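**Student:** only geometry, no sequence info:
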């Protein structure tokens, strides 16, 4: 039984590896402000989505 499960896992992993994924590319970036506590950045991100449904992205915040 475990041999069948291993074959199934490999088959699914192989199929998923070739599925096209959404991509995001930073098209430009500018520094809006700099002080001792923070750096403000503004940018545009171009998202290509190969699927028919929308991607639920409203806001992205990064902390370094």
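**Tutor:** In hand now; what should we look at? Since the structure is predicted, the reported quantities are computational estimates derived from the model, not experimental observations.
**Student:** With adjacent residues omitted, what lies nearest to residue 49?
**Tutor:** Nearest residue to residue 49 in three dimensions, chain neighbours excluded: residue 22, at 4.7 Å (Cβ to Cβ, 6 or more residues apart in numbering). No exception for glycine: its C-beta is placed from N, CA and C like everyone else's.
**Student:** Wasn't residue 3 part of a strand?
**Tutor:** No. Per DSSP: H, G, I helix; E, B strand; the rest coil, residue 3 lies outside any strand segment and is helix.
**Student:** follow-up on the earlier one: which ones are touching the residue nearest to residue 49?
**Tutor:** With contacts defined as Cβ atoms under 8 Å, 6 or more residues apart in numbering, residue 22 is in contact with 47, 48, 49, 50, 51, 55.
**Student:** how about 7 Å then?
**Tutor:** Counting by Cβ atoms under 7 Å, 6 or more residues apart in numbering, residue 22 makes contact with 47, 48, 49, 50, 55.
**Student:** neighbours around the residue nearest to the fourth one when sequence neighbours are not counted, how many?
**Tutor:** Spatially, and ignoring its direct neighbours in sequence, residue 50 is nearest to residue 20 (4.4 Å; Cβ to Cβ, 6+ apart). Residue 20 is flanked by 9 other residues according to other Cβ atoms under 10 Å.
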